[in-house]
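Enquirer: Please work out how this folds:
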Amino acid sequence: MRIQKYIKISCLAMLVAFLPTSCKKMLDQEFHSSLGPEFFSTPDGLKAGIDASYSIMRFFWGSEGFTTSAVAGTDEAIRGGDGSLTFHTYQNITADDGTISGIWNNGFNSINNLNGILKFGPATNLPADVKANLLGEAKFLRGFFYFLLVQNFGDVPLHTEFNSIPKTVAIRTPIKEVYAAIIKDLTEASQELPVKINPGTSKGHASQAAALHLLAKVYLTKGWNEKAREGDGTQDFTNAYNTANALITNRSQYGVDLEANFSDIFKEGNEYGKEVLLVSDRNTDPLFSESGYNNTNPATANKDNGLNRFWVMNYTNTRNVNEGIPGAPVQNKQLMVRDLVNGRAFRRFRPTQYTYDAFNSTEIPLVNANPQYDARYDGTFQKEWITNIPSVQSNAVQTTVGTPITTRRNGVDVTLTKDVDVAIWLPGREVTVTERQNFKGVIIAPSQYDAEWFPTMKKWADVTRLHFNDPSDRPTILMRLGETYLIAAEAAFKLNKPGDAATMINVLRTRAAFRAVGQNAAALASMQITAANISLEFILRERTREMFGEMTRWYDLVRTGTLVERAKLYNSQAVDHIKDFHVLRPIPNQSERDLLTNRDEFPQNPGY
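Expert: Coordinates of the predicted model:
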């Protein structure tokens, strides 16, 4: 796995002026005052400036704060047994919140860096095609970060010129103007970026496919927003559909395609696979990883990639091994020890009942899914924990336990064989007493789920890290072609073309019917939908089945105007405190409004 070497960027003032710093060829990564903005006009400076902006992504995707802001307080996830409740309950979300100020500060920090690249970069002595690709990346990234900002804050200052001196005056630009700038950047980037990324190489840099995907999503989001869209949004939804469909139709030209097996998308080692459009790169380089590895502290604060931890249930807790077996004595035992394979149990997020229903229930025909046919449940959640006791403490195993695990079943003592028998099984359905009696380990059915025991979401699992306590060194997938189909389907729905929406979704549902042992004809037939099945409810549930845990849900619900309604309906932790104004985050005070001399002309978002 490769990672971009980067230069550090810092604020000169609240409008995030740039502090030029060292690049890959420097001896260290500290600020060098002798480097001016013209460094961007050198080949090394231009490339380093681009890499610096990619590195900013690691403040977001993988950090606990940003991940929580993107998934908590939605219909899909509630807090597990540990972690802050702030974004889950919508209580105490303030303008001084570090996660929110991090989105603002790091977003604008990168934007000013990119403005410098686009100002000085054209003078760089590089081959024309290489320079065009790099400037295309700068436009893509500026559009990327501005899109992140407008989704969180609404109207934001629009800066397209490099700022090298402190300023204390700012205004919030109407969101429609910001969207126009985003679309301009992404449209140009979609023509200037490399057409494709060579197979097997890092997708930590943008290509035309990534730009088209993001552009389609920008159009879709703009179309839903009354303050941003053109007219009633029809033109924006048309642009969204056409852009997404162009990528889908010409996917071979762009070197991308859907994986045949849903489980392969997030298979470790396949982060640069054919379905992936863009990742935030990671590795274990001690200089440039920006994270802690082999049980060490992170080199850069707030850039640890904890995605391998946040969704893990507390599988090392003691539990009654006879639970659910009438008449059997209570025997509380620890069935597993912490290890590399099963991860560190942070329990920050667990699925809501809505999520279980979306994957497993057939109470609403064709709105929910039948797990007998839809492979995405098995591709999303861990169901089995293989016995790892007896154990010997090492970098791969936390605890030494010398005695094997035994249980008593049907009057007979049975021993769980290490690396063979399943100690804990979450089948995703209710089970009979007979099934429990015939199973050596413990079965946890949905009716037994709680804040400590729940299906572990496994998309971000990392079994090759150096130590059982380590964060992940896997690249984080930010964009993939599967979502492009969902973008096209949602746009078609808004254009009152349910047949086109069904066609797009059926491609994903056909893939979801795939099993590694072969295609089941009954599964394939049962998974197909028609135009009559298309609704916003169906699309949102399909997004859950396809995209659960990929840090898009808060944004999806805000975009579609359903956040408050669905949080009240499906989220027991958010229901009492979520308000209409929570569709936007507060503008930071300490790093923005408090530094302005025209603070009264820079209003806070309502409710804060």
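
Enquirer: Going along the chain, name the helices of the stretch 451-600 of the chain.
Expert: 481-494, 498-512, 521-527, 536-547, 553-559, 563-570 (DSSP state H, counting those that start in this stretch).

Enquirer: got CSV for the ones you listed, with distance to I117 too?
Expert: Backbone N, C-alpha and C define where each C-beta goes, glycine included. Listed next are these as CSV, based on distance: least, CB to CB, whole Å:
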stretch, distance to I117
helix 481-494, 27
helix 498-512, 36
helix 521-527, 46
helix 536-547, 32
helix 553-559, 27
helix 563-570, 35
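
Enquirer: Go through those and pick out the most buried.
Expert: Of those, the one with the most neighbours on average (mean count of other CB atoms under 10 Å) is helix 481-494, at a mean of 25.

Enquirer: Quick check: mean pLDDT of that helix?
Expert: Throughout helix 481-494, pLDDT has a mean value of 98.

Enquirer: What is it packed up against?
Expert: Where contact means 3 or more CB pairs under 8 Å, 6 or more residues apart in numbering; DSSP states H and E, helix 481-494 is packed against helix 208-224, helix 234-249, strand 276-280, helix 498-512, helix 536-547.

Enquirer: Any chance of those in a markdown table with mean pLDDT and distance to G107 as columns?
Expert: Below are the helices and strands packed on helix 481-494 laid out as a markdown table (pLDDT from 0 to 100; distance: least, CB to CB, whole Å):
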| stretch | mean pLDDT | distance to G107 |
| --- | --- | --- |
| helix 208-224 | 98 | 15 |
| helix 234-249 | 98 | 23 |
| strand 276-280 | 97 | 14 |
| helix 498-512 | 96 | 31 |
| helix 536-547 | 97 | 23 |
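
Enquirer: Turn the ones you listed into TSV, columns for distance to I444.
Expert: Shown next, in TSV, are the helices and strands packed on helix 481-494 (distance: least, CB to CB, whole Å):
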stretch	distance to I444
helix 208-224	37
helix 234-249	40
strand 276-280	33
helix 498-512	25
helix 536-547	22
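
Enquirer: nearest to P199, of those?
Expert: Proximity to P199 (CB to CB) singles out strand 276-280 among these, at 11.1 Å.

Enquirer: residues in contact with that closest one?
Expert: 54, 57-58, 60-62, 202-204, 206-207, 209-210, 213, 256, 265, 270-272, 475-481, 484 (CB atoms under 8 Å, 6 or more residues apart in numbering).

Enquirer: what's the helix or strand just after it packed up against?
Expert: Where DSSP states H and E defines the elements, the next helix or strand beyond strand 276-280 is helix 307-310. Helices and strands touching helix 307-310, by 3+ CB pairs under 8 Å, 6+ apart, are helix 64-71.

Enquirer: for the stretch 451-600 of the chain, which spans come out with low pLDDT?
Expert: Applying pLDDT under 70 to the stretch 451-600 of the chain flags residues 518-519.

Enquirer: Next secondary structure after the lengthiest helix in the chain?
Expert: Looking across the chain with DSSP state H, the single longest helix is helix 128-153. Per DSSP H and E, the first helix or strand lying C-terminal to helix 128-153 is helix 175-192.

Enquirer: buried stuff in that following helix?
Expert: Applying a neighbour-count criterion of 16 or more other CB atoms under 10 Å, one finds 175, 178-183, 185-190, 192 buried in helix 175-192.

Enquirer: Contacts for it next, please.
Expert: 132-133, 135-137, 139-140, 142-143, 146-147, 149-150, 154-156, 158, 160, 206, 208, 211-212, 214-215, 218-219, 222, 225, 227-229.

Enquirer: Using CSV, list the CA coordinates for that helix.
Expert: C-alpha atoms of helix 175-192 as CSV (Å, rounded to 0.1, in the frame of the first residue of the first chain):
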residue,chain,number,x,y,z
ILE,A,175,-24.9,28.3,-1.4
LYS,A,176,-26.0,28.5,-5.1
GLU,A,177,-22.8,30.4,-6.0
VAL,A,178,-20.7,27.9,-4.1
TYR,A,179,-22.3,25.1,-6.0
ALA,A,180,-21.6,26.8,-9.2
ALA,A,181,-17.9,27.0,-8.3
ILE,A,182,-17.9,23.3,-7.3
ILE,A,183,-19.5,22.2,-10.6
LYS,A,184,-17.1,24.3,-12.6
ASP,A,185,-14.1,22.7,-10.8
LEU,A,186,-15.4,19.2,-11.2
THR,A,187,-16.4,19.6,-14.8
GLU,A,188,-13.0,20.8,-15.7
ALA,A,189,-11.3,18.1,-13.6
SER,A,190,-13.4,15.4,-15.3
GLN,A,191,-11.7,16.5,-18.6
GLU,A,192,-8.2,17.1,-17.3
